[in-house]
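**Q** need a structure here:
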Amino acid sequence: MDAFYASVEQRDHPGLRGCPVVVGGLGGRGVVAAASYEARAFGVRSAMPVREALKRCPGAICVKPRMSLYRAVSSEVFSIFGRFTPLVQGLSLDEAFLDVTASQAALGEAEKIAVEIKRQIKECTGLTASVGVAPNKLVAKIASELRKPDGLVIVGSADVTALLDPLPISKLFGLGEKTAARVEKLGIRTLGELRQTPAARLRPVFGRYAEQMRRRAAGIDERPVSPSVDERQISAEETFESDIADHERLVSELIRLADRTCSRLRGQDLFAGCVTIKVRRADFATYTRQRRFEPPTQETRVISRLARQLLQEWLRTQPNAALRLLGVGVSELQGRAQPDLFE
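**A** Presented below is the predicted three-dimensional model:
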């Protein structure tokens, strides 16, 4: 979906159409959840502090998020996906992978299916979507980003290299900003250059994943669309009104966030096998730490204990750090697990 939250607000409030809209927290520590394309023209992007967004775009109109509405619209969009294939892997409220390989016999070629999906989304929700059609998930994801908004990019098997090679490495799905900067220091700026670079030269940056990154730069991706992955992670996080340095208070806040996360986990009757904490210092440096465990659980007691251990280990490395944000997430989700006999 194109600028999903902001587009919903512009749809529902005609006075916002054509205006730079920022959806996000309205407090002093608010963060941008979505920005309209008019706001993006000023360099505003999601996850940016609202204060910074308003510096870049003083005329931006700030709107408080309406998550229940966005979830309802998302359900409409995903119900449309289900008309074309049962193989739908949601990445978020506004993004999904669809495998239409087997659908083509009845519904026509993939391009025709993509056009019809876009038409039905527009008709049903009044919103636009951008679609990438390609032989695999990686290339389809990249293609979907190339002609936003309301884009449609078709990539045949023979055209993958020609499409990817000129693109900057920042377009590679899963390559973080900091890692991309390290790659650029090697003089590698395009996916074509990354594809042709010997794995040995890439190892200082990617370690044992060097060859895998070369293959990804070449558009090679054998991962299937996994419809069982409805929600990859459940999490709760909070940006504090003022930075917190007191360790006891941080632990208290962490336990509260773990309880919120586990309540959502139990609400969906899911069990988690991995816990992650997210820490953001006052200078915006952000860290994550995670730990896998057995057996999977949905108990607050277990999740909060592991999260507390992770936080305390991190605090030992930076004992004087003041935090502006803290989060707890769980992943490796599954349905009801076998009970532990000795629990």
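
**Q** please count neighbours and contacts with C-alpha atoms only from this point.
**A** Fine.

**Q** avg pLDDT for the top helix by length along the chain?
**A** Ranked by number of residues, the top helix in the chain under DSSP state H is helix 247-267. What helix 247-267 shows for mean pLDDT is 91.

**Q** show me how far that helix is from its chain's centre.
**A** Chain-centre distance of helix 247-267: 22 Å, with C-alpha atoms, centre = their mean, to the nearest Å.

**Q** one more: stretch 108-119?
**A** Distance of stretch 108-119 from its chain centroid, counting by C-alpha atoms, centre = their mean, is 25 Å.

**Q** how about stretch 62-80?
**A** 16 Å.

**Q** coming back round to it: packing partners for the longest helix of the chain?
**A** Secondary-structure packing of helix 247-267 (3 or more C-alpha pairs under 8 Å, 6 or more residues apart in numbering; DSSP states H and E): strand 233-244, helix 300-317, strand 323-331.

**Q** what's the local residue count around the nearest residue to residue 4 once chain neighbours are set aside?
**A** Closest residue to residue 4 apart from its sequence neighbours, by C-alpha to C-alpha, 6 or more residues apart in numbering: residue 94 at 6.5 Å. Neighbours of residue 94 under the rule other C-alpha atoms under 10 Å: 19.

**Q** my read is that residue 94 contacts residue 8, right?
**A** No. At 11.3 Å, residue 94 and residue 8 do not qualify as touching, with contact defined as C-alpha atoms under 8 Å.

**Q** now do the helices in the stretch 151-300 of the chain.
**A** Here the stretch 151-300 of the chain has its helices, by DSSP state H, counting those that start in this stretch, at 160-164, 177-185, 191-196, 199-206, 210-217, 247-267, 300-317.

**Q** turn those into CSV, columns for distance to residue 130 and mean neighbour count.
**A** Output for the helices of the stretch 151-300 of the chain, formatted as CSV (distance: least, C-alpha to C-alpha, whole Å; neighbours: other C-alpha atoms under 10 Å):
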stretch, distance to residue 130, mean neighbour count
helix 160-164, 17, 17
helix 177-185, 23, 14
helix 191-196, 22, 21
helix 199-206, 31, 15
helix 210-217, 22, 19
helix 247-267, 30, 18
helix 300-317, 38, 18
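
**Q** and of those, who's closest to residue 294?
**A** Among the helices of the stretch 151-300 of the chain, helix 300-317 comes nearest to residue 294, with 10.7 Å by C-alpha to C-alpha.

**Q** who are the packing partners of that closest one?
**A** Using 3+ C-alpha pairs under 8 Å, 6+ apart: helix 300-317 touches helix 247-267, strand 272-281, strand 286-297.

**Q** quick one: which of these is nearest residue 190?
**A** strand 286-297 (26.5 Å).

**Q** for the closest one, buried residues please.
**A** Buried residues in strand 286-297, defined by neighbour count with 16 or more other C-alpha atoms under 10 Å: 290, 296-297.

**Q** in the stretch 1-150 of the chain, where is pLDDT below threshold?
**A** Filtered on pLDDT under 70, the stretch 1-150 of the chain yields the residue ranges 27-28.

**Q** which stretches in it count as strands?
**A** Assigned by DSSP state E, counting those that start in this stretch, the stretch 1-150 of the chain shows strands spanning 21-24, 32-35, 61-63, 88-92, 95-98, 131-133.

**Q** Throw the ones you listed into CSV and include mean neighbour count and distance to residue 183, thanks.
**A** Output for the strands of the stretch 1-150 of the chain, formatted as CSV (neighbours: other C-alpha atoms under 10 Å; distance: least, C-alpha to C-alpha, whole Å):
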stretch, mean neighbour count, distance to residue 183
strand 21-24, 28, 32
strand 32-35, 24, 28
strand 61-63, 17, 36
strand 88-92, 18, 26
strand 95-98, 21, 28
strand 131-133, 26, 26
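
**Q** got these as JSON lines, with distance to residue 249 columns?
**A** Below are the strands of the stretch 1-150 of the chain laid out as JSON lines (distance: least, C-alpha to C-alpha, whole Å):
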{"stretch": "strand 21-24", "distance to residue 249": "26"}
{"stretch": "strand 32-35", "distance to residue 249": "26"}
{"stretch": "strand 61-63", "distance to residue 249": "31"}
{"stretch": "strand 88-92", "distance to residue 249": "32"}
{"stretch": "strand 95-98", "distance to residue 249": "36"}
{"stretch": "strand 131-133", "distance to residue 249": "45"}
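
**Q** looking at those strands, which is closest to residue 330?
**A** Taking C-alpha to C-alpha, strand 88-92 is the member of the strands of the stretch 1-150 of the chain nearest to residue 330, at 15.3 Å.
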